[in-house]
Every structure is written in structure tokens, then in C-alpha cells.
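Trainee: quick one: sequence and predicted model below, then my questions.
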Amino acid sequence: MRTAVYPGTFDPVTNGHLDILHRAAALFDRVIIAVASESNKQTLFSLEERQELLREEIKDIKNVVVSSFSGLTVDFARQCGAVALIRGLRAMTDFEYEFQLALMNKKLEPNIDTVFLMTKSDYSFISSSAIKWAASLQGSVTEFVPPHVEKALMQKYNINI
Ligand code: COA
């Protein structure tokens, strides 16, 4: 049983994250989505909301579960018996940060590797922040998030749909 942990803030989950997730689920026996409970980002959605939005999306994928963690990602991954951390790379701009994070995580836990998957080009320019910004100004985000996430965004920003 090869388990991978896919960590992130997921505020909220986007089609870009889901693309990475589906591909990770095809590569590993089990994927645990690890929603960070502590973040240096001010989140729009609570931890429970972020997990619930993800759970709605993974209902039909048998080998994926949603969990949350605090503290170090590698500690959580070790507790789960994971062999890998999954991260998506969108563009070169992601590389420096991800490279540093992967090396730090490898130092902290040499038995766990980071596996990078390239984000599908259709989603390579999106981020949760950009989506929230557009949605807050009533821009359409239909292309970038699943329908129930779009609905949740509209509710947060009190936009009638
Ligand atoms: N498609 C679209 N967007 C994507 C994406 C993809 N495939 N992959 C990432 N993104 C976006 C996210 O939407 C997010 O956008 P935002 O900044 O506008 O919110 C951004 O890229 C990165 O977010 P995310 O993937 O959630 O990661 P993060 O940088 O918020 O890091 C943790 C989250 C949990 C991995 C990291 O903070 C962590 O490891 N924390 C625990 C402490 C720890 O162990 N630190 C490391 C050792 S010091």
C-alpha cells in the first residue's frame, strides 16, 4: 500500500488542485488530502468548510480521503505511513518556493519524497487568491472551480445566484 499526502491550504479547492489530485490518485494506492489548519494566509473558508468542499469532490474516488493537520507536514505524513508528498507545479515562479520546501521537508524526514506533478496548462495561471478576488468582484469563476465551490464563494460574498 503506497500512500501519498497532498497538503495545502485549499482555500478553496480549485480545478487545478483537482487535476493534480486525480493524477496522484492514479499513481498511488491511497492519497490523503491534508488540509492545513494553521496557515500564514488569512483564509476565507474555515477549516471545516475547506474540508467539506473537498469531500464533496472526492465522493467518487475510492482511494482518496480528506484529513486535516497542524504542525509539520512531514510529521503528519509519517503518522499516515506515507512515502510521498504531492505538490503541483504551475509555472517556473512556483519552482523556487517548492524546491526550498521540498529540500526542507527532505531534511526533516529523509524517508519521504516530494513528487511534483505539472498542472494542466488550462489551470496553470489560476490560484485560490485570484479566484477569490474575481468572485468578490462578481467575475465568473465557473471555468476554474467545481459548481458547489462557486456557489460557496457566491454565498461568502453575498452575491445572488
Ligand atoms: N492549480 C491551481 N492552483 C494551485 C495549484 C494547482 N495545481 N497548486 C497550488 N495552487 C495554488 C493554490 O491555490 C495557492 O494559491 P493562493 O496562494 O492564492 O492561496 C498556492 O498555489 C499555494 O497554496 P497551497 O498549495 O495550498 O500551498 P501553501 O503554499 O499554502 O502551503 C502547506 C501549504 C500546508 C503545504 C505548507 O504551508 C506547509 O507545509 N505547512 C506546514 C508547516 C511545514 O511543514 N512547513 C514546511 C517545513 S518548514
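Mentor: Sure thing, it's come through.
Trainee: shouldn't A4 be in contact with L85?
Mentor: Yes - using C-beta atoms under 8 Å, A4 is in contact with L85, at 7.0 Å. In this view, the C-beta of every residue, glycine as well, is placed from N, C-alpha and C.
Trainee: now do the shared contacts for the two.
Mentor: Common neighbours of A4 and L85, counting by C-beta atoms under 8 Å, 6 or more residues apart in numbering, are V115.
Trainee: can you pull the contacts of A34?
Mentor: Contact analysis of A34 by C-beta under 8 Å, 6+ apart lists V5, Y6, P7, G8, S67, S68, F69, T73, F76, A77.
Trainee: against the ligand, how distant is it?
Mentor: To the ligand, A34 is 7 Å away according to C-beta to the nearest ligand atom, to the nearest Å.
Trainee: now do A152
Mentor: Counting by C-beta to the nearest ligand atom, the gap from A152 to the ligand is 15 Å.
Trainee: what's around that residue, how many residues?
Mentor: Neighbour count for A152, taken as other C-beta atoms under 10 Å: 21.
Trainee: for S121, same thing?
Mentor: Count around S121 with other C-beta under 10 Å applied: 8.
Trainee: what does it show for phi and psi?
Mentor: The phi/psi pair for S121 (degrees, to the nearest 10) reads phi -60, psi -30.
Trainee: same question for the one 4 residues further on.
Mentor: Taking degrees, to the nearest 10, you get phi -110, psi 0 for the backbone angles of F125.
Trainee: list the contacts for it?
Mentor: For F125, the contact set (C-beta under 8 Å, 6+ apart) comprises R90, A91.
Trainee: how close does it sit to the ligand?
Mentor: Distance from F125 to the ligand, by C-beta to the nearest ligand atom: 8 Å.
Trainee: do you know the pLDDT at that residue?
Mentor: Listed pLDDT for F125 reads 92.
Trainee: and it, how far from Q138?
Mentor: To Q138, F125 is 20 Å away according to C-beta to C-beta, to the nearest Å.
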